[in-house]
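Asks: fold the stuff below for me.
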Amino acid sequence: MLSLSAHTHKVWAFRGMSNKQQTITKQLQNLYSWTQFYQEVGNKDQIRKCQTQIAELKKVYNQLKSNKNGKTKNAKRN
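Replies: Sure, this is the predicted structure:
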């Protein structure tokens, strides 16, 4: 059985995403890491800040995804 390298896996994970979606995904990964760190050291204020930023980025990401899907569906209908 073939195993994929980390780079190959990363490339496949971003396939079909816009550059903006890729940027947001990277930002979310970073924020999740910081949230985990702040949980380990017990910094509740920073945890809340990260969670707020995560929620905002998820909204933007989902809007981009909705817009992309909407355009695709409309393009197929016409």
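Asks: could you pull out the helices for the protein?
Replies: Chain-ordered helices for the chain, with DSSP state H as the definition, fall at 6-14, 19-41, 44-77.
Asks: can I get these in JSON lines with mean neighbour count and mean pLDDT?
Replies: Bear in mind the C-beta positions are built from the backbone N, C-alpha and C, glycine included. Supplementary listing: those in JSON lines, determined by neighbours: other C-beta atoms under 10 Å; pLDDT from 0 to 100:
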{"stretch": "helix 6-14", "mean neighbour count": "10", "mean pLDDT": "53"}
{"stretch": "helix 19-41", "mean neighbour count": "13", "mean pLDDT": "96"}
{"stretch": "helix 44-77", "mean neighbour count": "12", "mean pLDDT": "85"}
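Asks: would you point out which residue is most central in this structure?
Replies: Centre of the chain computed as the mean C-alpha position; nearest residue by C-alpha atoms, centre = their mean is Thr25, 2.5 Å away.
Asks: in this structure that one contacts Met17, no?
Replies: Yes: because the distance of 7.0 Å satisfies C-beta atoms under 8 Å, Thr25 is recorded as touching Met17.
Asks: now do the shared contacts for the two.
Replies: Common neighbours of Thr25 and Met17, using C-beta atoms under 8 Å, 6 or more residues apart in numbering, do not exist here.
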